[in-house]
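> Below: sequence and its predicted model.
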Amino acid sequence: MTLQFVKPSTAEPTQNILIYGAPGTGKTVGACSAPGPMLVLNAEGEGALRKAREIHGDTKLREVAVTGKNILDEAYLYLRERKGAEQTVVIDTVGEVYRILLEEIGGERPTLHNYGDVNTIVERFVRALRDLSINVVLVCHEELVTDGTTGETMRQPVTGGKKLPGQLMAQVDVVAYAGVVTHDDGRVEYQAQLVAANGRHAKDRSGRLGSVRKVDLSEWIGLATKPAANVKAA
């Protein structure tokens, strides 16, 4: 058997980002700051994108309501076959997509097998999107979890399932914890923590975004994917 070496990709570089945090920390608006046009898979209900549309404009966002697995399948085929000009796909929120699928598959009393099936569907869907030449943004709420061995309390994204948070965080390039900073002059700014600290999961594979950064995903993606020769030394 002869090794088959992978040739360098000629496709435009993209980023996969998971942003999570408490309600009111600008997660959806921040997600929609990624390069457009974008396809937003909205599982949060009518009106969830109202603020994002006010800020980013209706022409940038193409919204689809997630009602079941068929929507995920159709969205993937649409993006894979390049039927539109989307540069980014947003899932808002992963936890709600999980809940919708669980109700669709398991009804009012889902079994452990149903939970496992939904975990697999979501993980494979995200992995399939990740392998397309498109930016992927996963929006999640947050939850507190306690390590049964160390007793340490951590904040992690709500995705549904016990293993899925770790699986999805491993798949993406950036895990960002969203927060709100109020400056002395009363100005409010949405920022994100990009390194793991203070009981919060976070990461930045590029190593170029710093520890805390204003939530502007177009800027993040541009900086993270810039050729190394064009990056100034810190």
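Noted; the coordinates are in hand.
> Distance of Ile186 relative to Asp216?
Careful, residue 186 is Gly; it's not Ile. Distance from Gly186 to Asp216, counting by Cβ to Cβ, to the nearest Å: 21 Å. Quick note: C-beta positions are derived from backbone N, CA and C, even for glycine.
> So for those two, which sits in the more crowded spot?
Higher neighbour count among Gly186 and Asp216: Asp216, with 15 against 6, using other Cβ atoms under 10 Å.
> Just to check, Val158 is in contact with Leu138?
No - the criterion here is Cβ atoms under 8 Å, and Val158 misses it with Leu138 at 11.0 Å.
> Between these two, which is the more surrounded one?
Comparing Val158 with Leu138 by other Cβ under 10 Å, the one with more neighbours is Leu138, at 28 against 17.
> list residues touching both of Val158 and Leu138?
Val94 (Cβ atoms under 8 Å, 6 or more residues apart in numbering).
> Wait, Thr182 touches Val188, no?
Yes - counting by Cβ under 8 Å, Thr182 sits close enough to Val188 to count as a contact (5.5 Å).
> which residues do these two both contact?
What both Thr182 and Val188 touch, as defined by Cβ under 8 Å, 6+ apart, is an empty set.
> Just give the closest residue to the residue nearest the centre of the chain, not the sequence neighbours.
In the chain, the centroid-proximal residue (Cα atoms, centre = their mean) is Leu138; its distance is 1.6 Å. Leaving out its chain neighbours, the residue that sits closest to Leu138 by Cβ to Cβ, 6 or more residues apart in numbering is Leu18, at 4.4 Å.
> tell me the SS of that neighbour?
strand (DSSP: H, G, I helix; E, B strand; the rest coil).
> Quickly list what it is bridged to.
Beta-bridge partners for Leu18, by DSSP bridges, are Leu138, Val175.
> per-residue confidence at it?
Listed pLDDT for Leu18 reads 98.
> Same question for Thr10.
60.
> any idea which helix or strand carries Gly116?
helix 112-130 (DSSP states H and E).
> Provide the contact partners of that helix at residue level.
Here helix 112-130 has contacts from 16, 69, 72, 76, 79, 89, 91, 94, 97-98, 101-102, 105-106, 136, 138, 159-161, 163-164, 167-168, 171-172, using Cβ under 8 Å, 6+ apart.
> in that helix, what's buried?
By neighbour count on 16 or more other Cβ atoms under 10 Å, the buried set for helix 112-130 is Asn114, Tyr115, Asp117, Val118, Asn119, Ile121, Val122, Glu123, Phe125, Val126, Leu129, Arg130.
> Out of those residues, which two are the most distant from each other?
Within the buried residues of helix 112-130, Asn114 and Arg130 form the most distant pair, 24.7 Å apart (Cβ to Cβ).
> give me the low-pLDDT residue ranges for this protein?
1, 8-11, 228-234 (pLDDT under 70).
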